[in-house]
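Student: Sequence and predicted model, in that order:
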Protein chains: 2
Amino acid sequence: MQERSELEAAPRPRRGRGRRPAGEVRADVLDAAGGLLLDRGMGTFTIEAVAGRAGVSKTTIYKWWPSKGALALDGYFHVVEAVLAFPDSDDVEADLTTQLRAFVRILTETPAGRVIAELIGQAQTDPELSAALLERYSGPRRDLAVRRMRRAQAEGQLRADVDPEVLVDQLWGACYHRLLMPILPVTEEFATSLIANLLRGVRP
Amino acid sequence: MQERSELEAAPRPRRGRGRRPAGEVRADVLDAAGGLLLDRGMGTFTIEAVAGRAGVSKTTIYKWWPSKGALALDGYFHVVEAVLAFPDSDDVEADLTTQLRAFVRILTETPAGRVIAELIGQAQTDPELSAALLERYSGPRRDLAVRRMRRAQAEGQLRADVDPEVLVDQLWGACYHRLLMPILPVTEEFATSLIANLLRGVRP
C-alpha cells in the first residue's frame, strides 16, 4: 500500500553491541512501537513485543515509558508526526486542507485509524491511558494546529475574535466523530467541506 | 440537582398483577434502564438489575433487546430524548443554540456524559455494541438534526449547497471530541461559538 509506506520510518542503521546513545535507542523503540501498532493494532501490542522488535530490554523501555498505553501513544505520534506536519505557505486554507486531507488518509487508508479509535475507546475507562492520550497525543497535535491558526490570525486570514481551539474541534474533532461513530465515512471531500463551511460560513 | 430531575421520567402509575399492555411494560423497562444508567453508570449496568428495577422478568427484556448494550442505548436515548428535542421556531440559529446548549448541559451536569463516553469507548472494540450505538442512538439523533437543518435550507436560512450531515459533525461531533479527549471543557459558551463560527464564517 502506498500510504502505508508513507508512514514507515526510514530504516535506521544497526550498530554492533555496546552502549548506544540514548536518543538513538529511544528512536528505535518508537519506530518499533509505531510499526507494531500499524502492523497488528492494539490487540497484540505489548511492551515485550516492542522490546523484541527494537532489540532492547523491557527494563530499558520502562525507564522511559510508565505503561503500555504511554508507549503506544508515543509510538503512534512518532509514526504519524511527519505526515501530519503543517505546511507553511501563505495561504491558511491551502495549508489546513493539505494537512486535514493527509490526516484523513492516515485514518482511512492505514491501520492507524483503527488504532487511535481503540486507544481513545480504551481511555474512556482507563484514567492512566486517558492522561497519556491527552499529554502525549491530543495536546501536542492540538498545539500544532492552534499555532498555525494563530499565525493566520496575525496575518489577517482568520478573524481575530475566533478561538482557534474551537476550530480544532470543528475540523479534526469532526473527523474523530465520524471515525468513532461511523455512520458516514471519513473522506477527503468531507475534510474539504469542513474547511469550506468554516471559511465561507454557511449562511446564504 | 436541577438538571437531574429534568431527565427523570414522570412516575408511571403501577397497576396490579396481570397482563399489562406491551407498550407500557416496554416503557417501564426503558425508564428503569435509563434511570439505572444515570444513577450508577455503565460499570454496574446489567439486564438483571434493570429487570429488578422495572419489576419484569429477564425473559421479557430479552424479547425486545438482544444485548445489554442495546438496552443501555435505548434507555439512554429514552431519558435524554425529551430534553434534546429540537425547538421549532422560525430562527434556525436560535433553535440550534437552544438544543446544543441543552445537549451540553446533559453531557456536563448529569452522569449522562460519562455514560455515553463509556458506551462509545466500549463500542470501539465491540462490533455488536457499535452497531447498536449507530442504529439506536447516533442515527436517530443525527436524523433529527439533519431534518431541522433541511427545513432551514428550504426556508433560505442556510446555504442550499451545504451538507447538513457535515454540520452535525461540526456541532455535536465537536462536543463529543471534547467529551472523549477532555483537554478543554465542554461549556455552553463553546456550543454558542460552534454555531457562530459556522453561521458567520471565520474569515475577517
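Tutor: Alright, I've got the coordinates.
Student: A:Ala191 contacts A:Phe103, correct?
Tutor: Yes - at 7.4 Å, A:Ala191 counts as touching A:Phe103 under the criterion of Cβ atoms under 8 Å. (C-beta placed from N, C-alpha, C; glycine too.)
Student: Common neighbours of the two, please.
Tutor: Each of A:Cys175 lies in contact with both A:Ala191 and A:Phe103 under the rule Cβ atoms under 8 Å, 6 or more residues apart in numbering or on different chains.
Student: so how far does stretch A:38-55 reach from one end to the other?
Tutor: Start-to-end span of stretch A:38-55 (Cα to Cα, to the nearest Å) is 18 Å.
Student: avg pLDDT for that stretch?
Tutor: Mean pLDDT, computed over stretch A:38-55, is 91.
Student: ok, A:Gly121 to A:Leu179 distance?
Tutor: Per Cβ to Cβ, to the nearest Å, A:Gly121 is found 11 Å from A:Leu179.
Student: Looking at these two, which one has more neighbours?
Tutor: Using other Cβ atoms under 10 Å in any protein chain shown, the more surrounded residue of A:Gly121 and A:Leu179 is A:Gly121, with 24 against 20.
Student: what packs against the helix or strand hosting that one?
Tutor: Element membership of A:Gly121 [criterion: DSSP states H and E] is helix A:112-123. Counting by 3 or more Cβ pairs under 8 Å, 6 or more residues apart in numbering or on different chains; DSSP states H and E, the packing neighbours recorded for helix A:112-123 are helix A:22-40, helix A:68-81, helix A:92-109, helix A:127-133, helix A:164-180, helix B:112-123.
Student: Swap in 10 Å and give it another go.
Tutor: Counting contacts by 3 or more Cβ pairs under 10 Å, 6 or more residues apart in numbering or on different chains; DSSP states H and E, helix A:112-123 packs against helix A:2-7, helix A:22-40, helix A:68-81, helix A:92-109, helix A:127-133, helix A:164-180, helix B:112-123, helix B:164-180.
Student: Report the buried residues of stretch A:83-91.
Tutor: For stretch A:83-91, the neighbour count (16 or more other Cβ atoms under 10 Å in any protein chain shown) marks A:Val83, A:Leu84, A:Phe86 as buried.
Student: List the contacts of the spatially closest residue to the first one that is not a sequence neighbour.
Tutor: Taking Cβ to Cβ, 6 or more residues apart in numbering or on different chains, and ignoring the residues beside it in sequence, A:Val83 has A:Ala102 as its nearest neighbour in space, at 5.5 Å. If you count contacts by Cβ atoms under 10 Å, 6 or more residues apart in numbering or on different chains, A:Ala102 has them with A:Glu3, A:Glu6, A:Val80, A:Val83, A:Leu84, A:Ala85, A:Phe86, A:Pro87, A:Glu188, A:Ala191.
Student: Roughly how far does A:Asp163 sit from B:Ile120?
Tutor: 25 Å.
Student: Show me which of the two is the more surrounded one.
Tutor: Taking other Cβ under 10 Å, A:Asp163 and B:Ile120 do not tie; B:Ile120 has more neighbours (24 against 16).
Student: What confidence value was assigned to that one?
Tutor: 95.
Student: before we move on, what about A:Ser193?
Tutor: pLDDT at A:Ser193 comes out at 97.
Student: That one touches A:Thr187, doesn't it?
Tutor: Yes - using Cβ atoms under 10 Å, A:Ser193 makes contact with A:Thr187 at a distance of 9.2 Å.
Student: higher neighbour count, the two?
Tutor: A:Ser193 (20 against 15).
Student: which residues sit in contact with the more buried one?
Tutor: A:Ala174, A:Thr187, B:Asp161, B:Val162, B:Asp163, B:Glu165, B:Val166, B:Leu167, B:Asp169, B:Gln170.
Student: try 6 Å this time
Tutor: Listed by Cβ atoms under 6 Å, 6 or more residues apart in numbering or on different chains, the contact set of A:Ser193 reads B:Val166.
Student: how big is the angle separating whichever helix or strand it is part of from helix B:164-180?
Tutor: Element membership for A:Ser193 (DSSP H and E) is helix A:188-200. In terms of direction (axes from the mean of the first three to the mean of the last three Cα atoms, to 10 degrees), helix A:188-200 departs from helix B:164-180 by 90 degrees.
Student: Between helix A:92-109 and helix A:188-200, find me the angle.
Tutor: Per the same axes, to 10 degrees, the angle that helix A:188-200 makes with helix A:92-109 is 150 degrees.
Student: Relative to the whole chain's centre, how far out is helix A:188-200?
Tutor: 20 Å (Cα atoms, centre = their mean, to the nearest Å).
Student: Same check on stretch A:144-159?
Tutor: With Cα atoms, centre = their mean, you get 21 Å for stretch A:144-159.
Student: ok, now stretch A:88-97?
Tutor: That offset, for stretch A:88-97, works out to 19 Å (Cα atoms, centre = their mean).
Student: Low-confidence stretches in chain A?
Tutor: A:1-18 (pLDDT under 70).
Student: switch the cut-off to 90
Tutor: A:1-22, A:37-44, A:67-69, A:77, A:79-88, A:109-112, A:128, A:136, A:201-204 (pLDDT under 90).
Student: Show me what from it comes close to chain B.
Tutor: Within chain A, the positions lying close to chain B (Cβ under 6 Å from any Cβ of the partner chain) are A:117-118, A:120-121, A:124-125, A:134, A:138-139, A:156, A:158-159, A:162, A:165-166, A:169-170, A:173-174, A:176-178, A:180-181, A:183-184, A:193, A:197-204.
Student: Format the buried residues of stretch A:83-91 as CSV; extra columns: secondary structure.
Tutor: Shown next, in CSV, are these (DSSP: H, G, I helix; E, B strand; the rest coil):
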residue, secondary structure
A:Val83, coil
A:Leu84, coil
A:Phe86, coil
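Student: isn't A:Glu118 right up against A:Met42?
Tutor: Yes - under the criterion of Cβ atoms under 6 Å, A:Glu118 makes contact with A:Met42 at 4.4 Å.
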